[in-house]
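# here is the input, now give the coordinates:
(2 chains)
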2 protein chains.
Amino acid sequence: MNTAYQQLRSIFARISRFNHLSAIAHWDMQTMMSHEGSQARSEALAEIDVLCHQLLCDPKVGVLLESASKETLEGADEANLTEMRNTYRRAVVLPDALIEARSLATGKCGFAWRTQRPANDWVGFASNLHEVVKLTREEAKIRAEATGVSRYDALLDLYEPGMRSEELDRIFGDLKTWLPDLLRRVVAKQAPNPPLPLQGPFDPGKQRELALKVMRILGFNFSAGRLDSSAHPFSGGVPQDVRITTRYDETSFMPALFATIHETGHGRYEQNLPQAWRDQPAGLARSMGIHESQSLMFEMQVARSTPFLQMLHPLVVTAFGQSPALTEANFIALAQRARPGLIRVDADEISYPLHVILRYEIEKALIEGQIEVDDIPALWNQKMQDYLGIGTEGNYQNGCMQDIHWTQGAFGYFPTYTLGAMYAAQLFQAALRALPSLNGEISEENLQGLSGWLEENIWSKGSLHRTDKLMTDATGEALNTKHFRAHLERRYL
Amino acid sequence: MNTAYQQLRSIFARISRFNHLSAIAHWDMQTMMSHEGSQARSEALAEIDVLCHQLLCDPKVGVLLESASKETLEGADEANLTEMRNTYRRAVVLPDALIEARSLATGKCGFAWRTQRPANDWVGFASNLHEVVKLTREEAKIRAEATGVSRYDALLDLYEPGMRSEELDRIFGDLKTWLPDLLRRVVAKQAPNPPLPLQGPFDPGKQRELALKVMRILGFNFSAGRLDSSAHPFSGGVPQDVRITTRYDETSFMPALFATIHETGHGRYEQNLPQAWRDQPAGLARSMGIHESQSLMFEMQVARSTPFLQMLHPLVVTAFGQSPALTEANFIALAQRARPGLIRVDADEISYPLHVILRYEIEKALIEGQIEVDDIPALWNQKMQDYLGIGTEGNYQNGCMQDIHWTQGAFGYFPTYTLGAMYAAQLFQAALRALPSLNGEISEENLQGLSGWLEENIWSKGSLHRTDKLMTDATGEALNTKHFRAHLERRYL
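Numbering: from 1, shown residues only, chains lettered A, B, ... in the order given. As a prediction, the model looks like this:
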């Protein structure tokens, strides 16, 4: 007779096999699917979601978790059991009626948003968002009661397990004291010498060749993954077969190139998650913040650094030919340009956290019931003025309607972007201490040292440790903003 | 409360949604999957197979089928219930232990075959095939007892429901009386003027462009499907999103072109199966033979006809330029060349049925216990001499080891290829009677008349009728060899 823990392992392995099919079908939907396949695909994916939810919420799983907690387990198995328990509790706590209502409301809100955003239709959007917020508050209340944390924290914990708003307030509060000023100083410094703009068109085939070359330099394993294109770049698939995508803009090769580098960071994390735990919760990526730290490690810490850009420059010239905008100095200036703007996804690495802090403050107040949906536009405008110096009054489409997250009820997700930037800076500094020749290696297309360090300290750990332990083990200190600040000052001042 | 039939509809719809994910993941495995993704993919696909088998064999389904048979149903629902019942009975009759043993044995046999075939290792192969045959005989025995037909017929019925070996003996017996002689006469007729061989290389990109053009002419719906490449051409996906593949050979554009046309026939059938029945057994393609008839309709009846080849010729010249081998007459001669050879998949349409009859006679005797695995090579050699005039003594790799079917336990499948050729010829003649200007339309890239006729008579019928009724309704006569013979004599003598 198998132990309760062994039985749980089988159940979670089975769920992971269904998740494999779901991941591939999701990737296919974004990259390959024919127009008329859309409805049948949505139905098939919903069906397998329901199946996985049922398998996970089977009362038998609760009983086995009880029994397993009395069994003697090795450290890693104990960590796996903890992750199983957390996964189970998160799934089982919501009543089916709420899950269904939320699914309907977010489906309606997200679908309408696609046309309401270009139409700048805040009133129409708000009426749908009301319902999503109402249901997400219910969800947050139930989760909070089950876990003993605040309502917002109960949602945050879904994306960044263990993180609390108290710590976010400390970190984001600190950023707010110096980041807006730093941004102004960098903009002032760069203003007298704006880089020449790129002259397109840039052939998508050549962009793809360059992207593949850079992925090889960054160590992406093409026996366990591939690059395709989709409307929005993403990283999907399974660790054994990571599917990253990019999107080619003929007027500039930079968005596709840096999106590919960003997704390569996500992809390398997935490819190098611990092999022995691949079908178990302990083998999954630790958190959304740690995931983002790996993409930002490759995009911001490595690829936008001067040594890397210097190494990259000849490859770019080989791909697209000589031109005044493609001198080494101009190429670097383009890649390191700070330009505060309205749109989060277009933001440079200095502005980006300010977009996130704005959203964090609004969504936290919204979930905790301190503000209502109708208060959002005025708050958005005010905070954009305060943090980035740009107003958004009446401009909903490029203001509070620009992101898809809230339409999907994903409150608590935004902070992970900026946690990722902090983690990345702190990890890169720790890697530099361990590998003094790292910057020299990077300028010679050699990412082996950094990869080895990341594999040892982050990738191979999966979810075997809590995030705070992962960070202190890897860097010798708790999460802080010091390294991010030093990084920005070094690169931009 | 839903009726039993309505409950069955829900269960079968759910299974069809899981089959959707399985179909896409299978396609992905052949076209997109990374090398290292192979094992996890096999496990995921096996898991969803097991799930669908469990859902289908749930005792509740048996009870509902009993109850539903007492409910009053419309004609089409009655047909759907019949298909449900057949699907259920086929799935439920085999003990789990046999399914598992068969899966292991076929897995082992197929895997070893990949290296044994190039090594011409009959002895090694035979030892694995013994086990597969032993288990398939057990399967056939169980199925035969459950359905009251002979053992071989019980397997044949899995691929061509309603077909019996008595009828195959009649049809194949008839073919054997005239086909070998016809082949010899055609070969003799073509011998004095062999066509000039093609001069490659033929750029795969241009081959693909040509294939896409021809698919458009043939009416493939690109909003509900796509063309990719894979090691072996196939048609997969789902009716809303059909995935056909081809393979580009740089020394000749003909294999990819005609493989694409063949798979387009399969694809158009799938795309035009009855919309109202898409998630039900009655909405599936009728049989493997009818499926093959649609691919052969497009490849053999239409695309290798002189009017079509004349229309196609300028497109080929546009793609690959003028050359002595690409005069209209030489192109037609290449496309209509009869050349008996060792390999079934390379056979022309005159030789092809003889390859199939040989396999049918051997596999039927094997399943019925009249011969053993060790008898296969001598029989193969004898029949190749008799039917095609070519010996295979000692040449196992291009003799009895050339096909994958038996390694997978797929005994009873081969006849459907030749049934498809008979159906296609008979259907095309019926279409010609209904559409006297059809050949003229084909020479003008106009396939609308033929498509409309096929949609009305075959595609829209799904599995709503038995195959014999489908054929008599469409053609006014029972399946026979007369039209196939007339077709070959017209084209080749």
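# in stretch A:425-440, what counts as buried?
Counting neighbours by 16 or more other C-beta atoms under 10 Å in any protein chain shown, one finds that the buried residues in stretch A:425-440 are A:425-432, A:435, A:438. Backbone N, C-alpha and C define where each C-beta goes, glycine included.
# same check on stretch A:174-192?
The neighbour-count check on stretch A:174-192 (16+ other C-beta under 10 Å) flags A:174-176, A:179-180, A:182-183, A:186-187, A:190 as buried.
# same check, this time on stretch A:137-144
Residues A:137-140, A:142-144 are the ones in stretch A:137-144 that count as buried (16+ other C-beta under 10 Å).
# what's it in contact with?
The set of residues external to stretch A:137-144 that reach it, using C-beta atoms under 8 Å, 6 or more residues apart in numbering or on different chains, is A:90, A:93-95, A:98, A:102, A:150-155, A:157-158, A:367, A:369, A:409, A:411.
# quick one: which of those residues sit in helices?
Among these, the members found in helices (DSSP state H) are A:90, A:98, A:102, A:151-155, A:157-158, A:367.
# those, buried ones only, as a ChimeraX selection?
The ChimeraX selection below is limited to those of the ones in helices among the contacts of stretch A:137-144 classed as buried (16+ other C-beta under 10 Å):
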select /A:90,102,151,152,153,154,155,157,158,367
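# output the ones in helices among the contacts of stretch A:137-144 in JSON lines; the columns should cover pLDDT and distance to residue B:332.
Converted to JSON lines, the ones in helices among the contacts of stretch A:137-144 look like this (pLDDT from 0 to 100; distance: C-beta to C-beta, whole Å):
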{"residue": "A:90", "pLDDT": "96", "distance to residue B:332": "67"}
{"residue": "A:98", "pLDDT": "94", "distance to residue B:332": "68"}
{"residue": "A:102", "pLDDT": "93", "distance to residue B:332": "63"}
{"residue": "A:151", "pLDDT": "98", "distance to residue B:332": "76"}
{"residue": "A:152", "pLDDT": "98", "distance to residue B:332": "74"}
{"residue": "A:153", "pLDDT": "98", "distance to residue B:332": "75"}
{"residue": "A:154", "pLDDT": "98", "distance to residue B:332": "73"}
{"residue": "A:155", "pLDDT": "98", "distance to residue B:332": "69"}
{"residue": "A:157", "pLDDT": "98", "distance to residue B:332": "71"}
{"residue": "A:158", "pLDDT": "98", "distance to residue B:332": "66"}
{"residue": "A:367", "pLDDT": "98", "distance to residue B:332": "73"}
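# which of the ones in helices among the contacts of stretch A:137-144 sits closest to residue B:274?
Taking C-beta to C-beta as the measure, residue B:274 lies nearest residue A:102 of those, at 35.2 Å.
# for that closest one, which non-adjacent residue is spatially closest?
With C-beta to C-beta, 6 or more residues apart in numbering or on different chains as the criterion, residue A:102 has its nearest non-adjacent residue at 4.7 Å, and that residue is residue A:135.
# report how many residues lie close to that neighbour.
Using other C-beta atoms under 10 Å in any protein chain shown, residue A:135 is surrounded by 19 other residues.
# so how far is chain B from it?
Counting by C-beta to the nearest C-beta, to the nearest Å, the separation of residue A:135 from chain B is 26 Å.
# residue A:294 contacts residue A:271, correct?
No. Using C-beta atoms under 8 Å, residue A:294 is not in contact with residue A:271, being 10.8 Å away.
# sorry, back to before: and the buried residues of stretch A:137-144 as a markdown table, adding distance to residue A:390?
Formatted as a markdown table, the buried residues of stretch A:137-144 follow (distance: C-beta to C-beta, whole Å):
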| residue | distance to residue A:390 |
| --- | --- |
| A:137 | 30 |
| A:138 | 35 |
| A:139 | 33 |
| A:140 | 31 |
| A:142 | 38 |
| A:143 | 35 |
| A:144 | 35 |
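# of the buried residues of stretch A:174-192, closest to chain B?
Checking those against chain B with C-beta to the nearest C-beta, the nearest one is residue A:175 at 39.3 Å.
# returning to that earlier point: any idea which element the residue nearest to residue A:102 lies in?
Taking DSSP states H and E as the criterion, residue A:135 maps to helix A:122-147.
# now that helix: mean pLDDT?
Throughout helix A:122-147, pLDDT has a mean value of 97.
# who's in contact with residue A:187?
Residues in contact with residue A:187 (C-beta under 8 Å, 6+ apart) are A:338-340.
# number of nearby residues for residue A:100?
By the measure other C-beta under 10 Å, the count of residues near residue A:100 is 10.
# would you mind measuring from the residue in the stretch 251-400 of chain A that chain B sits nearest to to residue B:363?
Per C-beta to the nearest C-beta, residue A:278 is where the stretch 251-400 of chain A lies closest to chain B, at 7.4 Å. Distance of residue A:278 to residue B:363, computed by C-beta to C-beta, to the nearest Å: 41 Å.
# with residue A:409 instead?
Using C-beta to C-beta, we find residue A:409 at a distance of 57 Å from residue B:363.
# more neighbours: which of these two?
Taking other C-beta under 10 Å, residue A:409 and residue B:363 do not tie; residue B:363 has more neighbours (25 against 22).
# what secondary structure does that one sit in?
Classification of residue B:363 using DSSP: H, G, I helix; E, B strand; the rest coil returns helix.
# nearest spatial neighbour of it, skipping sequence neighbours?
The shortest distance from residue B:363 to any non-neighbouring residue, by C-beta to C-beta, 6+ apart, is to residue B:411 (4.8 Å).
# just checking, that neighbour touches residue B:362?
No. If you go by C-beta under 8 Å, residue B:411 and residue B:362 don't touch, sitting 9.8 Å apart.
# okay, the two: which has more neighbours?
Each of residue B:411 and residue B:362 has its neighbours counted (other C-beta under 10 Å); residue B:411 has more, 27 against 20.
# from chain A, how far out is that one?
The gap separating residue B:411 from chain A is 30 Å, by C-beta to the nearest C-beta.
# am I right that residue A:242 sits in a helix?
No. Read with three-state DSSP, residue A:242 is strand and lies in no helix.
# model confidence for it, exactly?
With respect to pLDDT, residue A:242 scores 98.
# so it touches residue A:225, yeah?
Yes. Taking contacts as C-beta under 8 Å, residue A:242 lies within contact range of residue A:225: 3.5 Å.
# which of the two has more residues huddled nearby?
Ranked by neighbour count (other C-beta under 10 Å), residue A:242 and residue A:225 place residue A:242 first, with 30 against 25.
# how far away is that one from residue A:314?
For residue A:242, the distance to residue A:314 - C-beta to C-beta - is 28 Å.
# in what helix or strand does the spatially most central residue of chain A lie?
Centroid-nearest residue in chain A, with C-alpha atoms, centre = their mean: residue A:292, separated by 4.4 Å. Residue A:292 is part of helix A:288-296 when elements are defined by DSSP H and E.
# tell me the buried residues in whichever helix or strand comes after that helix?
Sequence order places helix A:306-320 as the next helix or strand after helix A:288-296, per DSSP H and E. By neighbour count on 16+ other C-beta under 10 Å, the buried set for helix A:306-320 is A:308-309, A:311-313, A:315-316, A:319-320.
# average pLDDT for the helix or strand following helix A:306-320?
Under the assignment DSSP H and E, the closest C-terminal helix or strand after helix A:306-320 is helix A:328-335. Summarised as a single mean, pLDDT over helix A:328-335 is 98.
# can you pull the contacts of the residue in the stretch 1-150 of chain A that chain B sits nearest to?
In the stretch 1-150 of chain A, no residue comes nearer to chain B than residue A:37, which is 3.0 Å away by C-beta to the nearest C-beta. Applying C-beta under 8 Å, 6+ apart to residue A:37 gives the contacts B:224, B:237-238, B:240-241.
# one more time with 6 Å, if that's ok
Residues near residue A:37 by C-beta atoms under 6 Å, 6 or more residues apart in numbering or on different chains: B:240-241.
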